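[1] Make a model of this:
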Amino acid sequence: MAMTDRLRLGLIGVGTMGRHHLRVLSGLADVMVVAIADPDPERRAAVAALTPARLYADYGELLDRERVEAVVVATPTRLHAPVTLAALAAGAHVLVEKPIAATRAEAEAMIAAARQAGRLLTVGHIERFNPAVQLLQRHLQERMLGRLYQVHARRLGPFPARIRDVGVVVDLATHDLDLIRFLTGQEVVHLLAETAQHIHTQYEDLLVGLLRLTDGAIGLLEVNWLTPTKVREIILTGERGMFHVDLLRQELVFYENEHARLVPNGHRPAQISAGNSIRFHLEPREPLQVELEAFCRAVRESLPPPVSPADALVALDLARALVAAAQTGSAISPTVLPMTR
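    Reported below is the predicted structural model:
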């Protein structure tokens, strides 16, 4: 592909996640990372040997000097709004890491600015691009599970020193809140939560959340920064069996309720019994690469955002509601926008 045909992209923030973006973007044939901004001189020096991109200490200078068509924002959460607003004002399409922003007001301002600028704004809810999740969604749409009874998400791991400006609920639980809505197509109508703070100096680092979805299914969230090994899994139980997804290994298994096979379609099985298990074959892919390819394709072909900022705002709202429920010891019935399809 000719250099002039490649998408000219700027990357703002090259901490841990930003360096992953740089690694993947550098391998995309139709993308050219032309400029990078980060205020930390050590981080700039660390990436200087990895890319021919021009380096800036100030993102405003990058946006003023470079003719970028798209920008990836991988800064701390507190900077998502100002950086995204500046990039949109400069005429760039934007992929901002999740959570979309620190507050609802900031997220609404970002959404309004993208609409006014006529530019695409999408959010890095990366688990949607996991091949196991995408295959699971197809089977759920085919009604392989039948009526959903429960969804249980576990996201556990050690404390990341890089996270200082938000707690585990806003940083990690937003993944699973978005996944639950994405997979089920249902809204959260009622929630309860308990949180605890053990290692983080300012915010919670453990969450147990209980959700009720539109059709009465129950959601359970376990999220923490206190576990020595990473666990990333989601389990969906329904009338016809159970799906188990290991998000790290990209594995999808269905455990059949044998009794459900004996019941005519449209009738609810009255018993649960162990049946066959099916381990689905899928081709592993790095979710970040799938996400970035989708973003660049949407920019080139004027497609809708791969993850709508409205959906990302709902994930943020639900995360904030979980924190509030834990702080007050009260159940909350959030008001959210319908799922974008």
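
[2] List the single closest residue to Glu239 in space, sequence neighbours excluded.
    Distances taken as CB to CB, 6 or more residues apart in numbering put Gly146 closest to Glu239, at 3.8 Å, once the chain neighbours are dropped. All C-beta atoms are positioned from the backbone trio N, CA, C, and that covers glycine.

[3] same deal with Ala217?
    Leu148 (4.4 Å).

[4] Please tell me how far the nearest residue to Val34 once chain neighbours are set aside sits from Val169.
    Spatial nearest neighbour of Val34, chain neighbours left out: Arg8 (5.1 Å); criterion: CB to CB, 6+ apart. Distance, Arg8 to Val169, using CB to CB, to the nearest Å: 36 Å.

[5] swap in Glu258?
    Using CB to CB, we find Glu258 at a distance of 38 Å from Val169.

[6] and what of Gln150?
    Taken as CB to CB, the span from Gln150 to Val169 is 21 Å.

[7] These two: which is more packed in?
    Val169 (27 against 14; other CB atoms under 10 Å).

[8] Can I take it that the more buried one is in a strand?
    No: using DSSP: H, G, I helix; E, B strand; the rest coil, the assignment for Val169 is helix, not a strand.

[9] Go ahead and confirm it touches Glu222.
    No: Val169 is not in contact with Glu222 according to CB atoms under 8 Å; the separation is 11.8 Å.

[10] list the residues that contact both of those two?
    The overlap between the contact sets of Val169 and Glu222 (CB atoms under 8 Å, 6 or more residues apart in numbering) consists of Leu207.

[11] Any regions of the stretch 201-341 of the chain where pLDDT drops low?
    Within the stretch 201-341 of the chain, the segments meeting pLDDT under 70 span 259-273, 336-341.

[12] got the residue ranges for the helices in it?
    Counting by DSSP state H, counting those that start in this stretch, the stretch 201-341 of the chain has helices at residues 287-301, 309-328.

[13] Could I get the buried residue list for the first one?
    By 16 or more other CB atoms under 10 Å, the buried positions in helix 287-301 come out as Pro287, Leu288, Gln289, Val290, Glu291, Leu292, Glu293, Ala294, Phe295, Cys296, Ala298, Val299.

[14] Quick check: closest non-adjacent residue to Asp58.
    Ala37 (6.5 Å).

[15] for the stretch 1-150 of the chain, which spans come out with low pLDDT?
    For the stretch 1-150 of the chain, residues meeting the criterion pLDDT under 70 lie at 1-4.

[16] repeat that with 90
    Counting by pLDDT under 90, the stretch 1-150 of the chain shows low-confidence ranges at 1-5.

[17] Tell me where it has strands.
    7-12, 31-37, 54-56, 70-73, 93-97, 121-124, 148-156 (DSSP state E, counting those that start in this stretch).

[18] can you redo these as JSON lines with distance to Ala331?
    Output for those, formatted as JSON lines (distance: least, CB to CB, whole Å):
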{"stretch": "strand 7-12", "distance to Ala331": "39"}
{"stretch": "strand 31-37", "distance to Ala331": "43"}
{"stretch": "strand 54-56", "distance to Ala331": "48"}
{"stretch": "strand 70-73", "distance to Ala331": "35"}
{"stretch": "strand 93-97", "distance to Ala331": "31"}
{"stretch": "strand 121-124", "distance to Ala331": "28"}
{"stretch": "strand 148-156", "distance to Ala331": "18"}
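
[19] which one of those lies closest to Asp64?
    Nearest of these to Asp64, taken as CB to CB: strand 54-56 at 9.6 Å.

[20] So what's the residue count around Gly319?
    Careful, residue 319 is Ala; it's not Gly. Every residue meeting other CB under 10 Å relative to Ala319 is counted, giving 29.

[21] One more: Asn224?
    Neighbours around Asn224, by other CB under 10 Å: 23.

[22] Who is it paired with across the strands?
    Leu156, Leu206 (DSSP bridges).

[23] ok so, going back, so the residue nearest to Val34 is in contact with Val68, correct?
    Yes: counting by CB under 8 Å, Arg8 does reach Val68; the two are 5.2 Å apart.

[24] Show me which of these two is the more surrounded one.
    Val68 (23 against 17).

[25] residues contacting the most centrally placed residue in the chain?
    Nearest to the centroid of the C-alpha atoms of the chain, with distances taken as CA atoms, centre = their mean, sits His125, at 1.9 Å. Neighbour list for His125: Lys98, Thr174, His175, Asp178, Leu179, Phe182, Val307, Asp311, Ala312, Ala315 [criterion: CB under 8 Å, 6+ apart].

[26] Quick check: end-to-end length of stretch 100-108?
    By CA to CA, to the nearest Å, the extent of stretch 100-108 from end to end equals 10 Å.

[27] Now it: buried residues?
    Ile100, Ala101, Ala102, Glu106, Ala107, Glu108.

[28] taking those residues as a set, which two sit the farthest apart in space?
    Ala102 and Glu108 (12.3 Å).

[29] just to revisit the earlier point, filter the contacts of His125 down to just the buried residues.
    Listed as buried from those are Lys98, Thr174, His175, Asp178, Leu179, Phe182, Val307, Asp311, Ala312, Ala315; burial here means 16+ other CB under 10 Å.
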